[in-house]
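[1] generate a structure from the sequence data that follows.
(one chain, ligands or ions: 1)
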Amino acid sequence: MIDIHSHVLPKMDDGSKSREESIALLREAYKQGVEAVFSTPHFYPKRDDPEDFLKRRDHSVRSLLSTGDEIFQKLPLYLGAEVAFFYGMSRFEGLPDFCLGGSEYILIEMPFDKWTSEEVEEVVAVKETAGLIPVLAHVERYLAFGNKKHFGYLIARGAVLQSNAEFFIDRRSKRKALSFLKKGLISLLGSDCHNLDRRPENYGDAIDVIRSVKRRDPLVSVNETEKRILAGARPVTIDQNA
Ligand SMILES: [Fe+2]
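    Okay, the predicted model is just below:
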C-alpha cells in the first residue's frame with residue numbers, strides 16, 4: 001500500500017503548513033497501513049521556476065527530516081511532484097527531475113475542462129518522446145468534463161490512471177470507483193492529503209471499502225504498478241538530508 005499522491009511536505013504548496021502537521025500526516029498514514037509515501041507538491045509551470053521549485057522542495061524535505069522524528073525510520077518518504085499539464089512538457093528536458101522518486105513515472109494534473117485531442121496527444125508524447133510514464137492524477141475529477149472517453153486510449157498508449165481515496169469513500173461515487181477498479185481503469189491510489197482536518201490522510205479507509213465489497217482482491221493491478229514504481233525509485237534518507 002503506497003500513497004502515491006500527497007501534499008505532506010511543509011510549506012511547499014496548499015498542503016502541510018508546518019513540520020508538525022507533516023509528521024502528523026505521516027503518522028496517520030503509517031497507522032492506516034501505508035508502507036511508503038510519495039510527496040507530490042504542486043508544480044505550476046506558468047508560475048513556478050523549475051530550479052527554484054526543486055530547491056524549495058529540497059529545503060522542505062531537509063527541514064522535515066532534520067526533526068529526526070521516528071516516523072522516518074518506519075515509513076519511507078519519496079519525492080515527486082504533481083505537475084500541472086502544459087504544452088511542450090514532453091519536450092521539457094527537466095521533466096525527469098519531477099518524476100516519482102526518480103523513477104520513470106510522472107504525476108500529471110490534467111486541465112479541468114474538456115480535453116482537446118492536442119492535450120491528449122501531449123500526454124502520449126510524454127511516453128513516446130520523453131520516455132516517461134504519465135500518471136494522471138485523481139482521474140475522477142475529470143469525469144464531469146466528459147473526459148472518460150479518453151481513458152482507454154491513454155491507457156493503451158502507456159498512461160496510468162490514479163484515483164483519490166475519496167472516490168471510494170464517498171458513497172455517491174463508491175460504486176463507480178469500484179467499477180473503474182474492476183475494469184482496470186485505475187492502477188494507482190493516492191490520498192491527495194493536504195492537512196489534518198479538511199483533506200486528511202484517508203488511504204486506509206479506501207482500502208477498507210475495497211476489501212469489504214470484493215471477495216477477490218481487486219488490488220492486484222494497483223499492487224503491481226506500485227511495485228514497478230518502487231523498483232525504480234529511491235526514498236530520501238535522514239543521512240543524506242539531515
Ligand atoms: Fe494533489
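
[2] please name the nearest non-neighbouring residue to the one residue sitting closest to the centre of the chain.
    For the chain, the residue sitting closest to the mean C-alpha position, by C-alpha atoms, centre = their mean, is His5 at 2.5 Å. Once flanking residues are discounted, His5 sits nearest to Gly190: 2.7 Å by C-beta to C-beta, 6 or more residues apart in numbering. Yep, even glycine has a C-beta here, placed from its N, CA and C like the rest.

[3] which residues touch the residue lying closest to Tyr87 once chain neighbours are set aside?
    Excluding the flanking residues, the one nearest Tyr87 by C-beta to C-beta, 6+ apart is Glu122, at 5.9 Å. Counting by C-beta atoms under 8 Å, 6 or more residues apart in numbering, Glu122 touches 85, 87-90.

[4] what distance separates stretch 32-40 from the centre of its chain?
    With C-alpha atoms, centre = their mean, to the nearest Å as the basis, stretch 32-40 stands 10 Å off its chain's centre.

[5] likewise stretch 36-52?
    The chain centroid and the centroid of stretch 36-52 are separated by 12 Å under C-alpha atoms, centre = their mean.

[6] how about it: buried residues?
    Buried positions in stretch 36-52, judged by neighbour count with 16 or more other C-beta atoms under 10 Å: 36-43, 45, 48, 50.

[7] could you do stretch 91-103 as well?
    92, 95, 97-101, 103.
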